[in-house]
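>>> sequence and computational prediction follow.
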Amino acid sequence: MSVKVDPNAIRSVQVLTPRLQKLKAEWEAAEPQVYVDDTLLFTESWKETEGLPTDIRWAKALEKRLLECPLLLREGELLAGSLTKFIRGNGTLCAMKPKEILKMCERGKFDRKTSDTDSTNITDEDMAALKADAEYWIEHMPKVSTVNKAYEYDMGSDVFDLLFDHAMVFEGRGVREVMDRGLFQNYSAYGGGVAQVSAKCIKNGLYYVIDLCKKVFVSMWAVSI
């Protein structure tokens, strides 16, 4: 039996309580801010774990972020935690696109390409720290793109005449004539963003633990027989 839904009854439901209306108004009134703590913590961790297996380095980077990143708990919120310490924070990661971020630092304008706001603000102190972080990753990014090398091996060097047509029809961040993927120079073009980095930290860290457990189990089994 079909039931007719009254649209006016749906509209009458007040989802935004006074508490939520207050939080929404505060968010709308807040200035967008560039958030640098995560990228600085990531770089600091990467320096500390130099020489360790890559999976452990990802796990350590996640651990450092969880333990040391600033937390924001606003009055009226029921859930603790925020992606940034600002009400309207714009997180970034120099390890992923150092050249692009450095250019933003030099011109003093930080674009928000997927937002309804044109740019974000940043303090002088954070600007200096972000610029130094971007310069570090430009110096330490992989020099050779294994992605492009694989294309060249499979299809020959002529394939780049099509890929690098400068119309951005085929060229993407993972396959680029002038690469700007920082630490991720040799990773797939699919996915991205700071959240993707966190996901990779979690995935690789968990895989390392699982693999370690498997090795311990196999060792114990071998000794038992």
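That came through, no problem. Predicted, not measured: the structure shown is a model, and the values here were computed from it.
>>> relative to E31, how far out is D126?
13 Å (Cβ to Cβ, to the nearest Å). Quick note: C-beta positions are derived from backbone N, CA and C, even for glycine.
>>> just L79 next, same as before
For L79, the distance to E31 (Cβ to Cβ) stands at 23 Å.
>>> neighbour count for these two, which is higher?
E31 (10 against 6; other Cβ atoms under 10 Å).
>>> quick one, what contacts the more buried one?
E31 makes contact with 88, 121 under the criterion Cβ atoms under 8 Å, 6 or more residues apart in numbering.
>>> swap in the one 5 residues further on?
Contacts of V36 were listed using Cβ under 8 Å, 6+ apart, and they are 92, 122, 126, 129-130, 133.
>>> so where do the strands sit in the protein?
Under the criterion DSSP state E, strands of the chain are mapped to 33-35, 89-91, 110-111, 119-120.
>>> highest mean neighbour count out of those?
Comparing the strands of the chain by mean neighbour count (mean count of other Cβ atoms under 10 Å), strand 33-35 ranks first with a mean of 22.
>>> picking that back up, out of the strands of the chain, which is closest to N8?
strand 89-91 (38.4 Å; Cβ to Cβ).
>>> pairing partners for that closest one, with directions?
Strand pairing for strand 89-91, using DSSP bridges, gives strand 33-35 (parallel).
>>> residues contacting the strand it pairs with, please?
With Cβ under 8 Å, 6+ apart, strand 33-35 has contacts from 83-86, 88-92, 110, 120-122, 126, 130.
>>> try 7 Å this time
84-86, 88-92, 110, 120-122, 126 (Cβ atoms under 7 Å, 6 or more residues apart in numbering).
>>> and the pLDDT at G193?
In this prediction, G193 carries a pLDDT score of 43.
>>> what of E28?
Value for E28, per-residue pLDDT: 90.
>>> so what's the residue count around it?
9.
>>> where's it relative to E77, distance?
From E28 across to E77, the span is 16 Å (Cβ to Cβ).
>>> same question for I138.
To E77, I138 is 38 Å away according to Cβ to Cβ.
>>> more neighbours, these two?
The neighbour comparison of I138 against E77 (other Cβ under 10 Å) goes to I138, with 15 against 12.
>>> grab the nearest non-local neighbour of the more buried one.
P98 (4.6 Å; Cβ to Cβ, 6 or more residues apart in numbering).
>>> let me see the contact set for the spatially closest residue to E68 that is not a sequence neighbour.
Using Cβ to Cβ, 6+ apart and skipping the chain neighbours, the partner closest in space to E68 is L41 (5.8 Å). Residues near L41 by Cβ under 7 Å, 6+ apart: 64-65, 68-69.
>>> ok, so of the residues you listed, who is nearest P18?
C69 (30.7 Å).
>>> I'd like to know how far the closest one sits from T54.
For C69 relative to T54 (Cβ to Cβ), the value is 22 Å.
>>> which of those two has more residues huddled nearby?
C69 (18 against 10).
>>> who's in contact with the more buried one?
So C69 contacts 37-38, 41 (Cβ under 7 Å, 6+ apart).
>>> tell me how many other residues crowd A128.
Neighbours of A128 using other Cβ under 10 Å come to 13.
>>> one more: G81?
The burial count for G81: 9, using other Cβ under 10 Å.
>>> that concludes my questions; thank you for your assistance.
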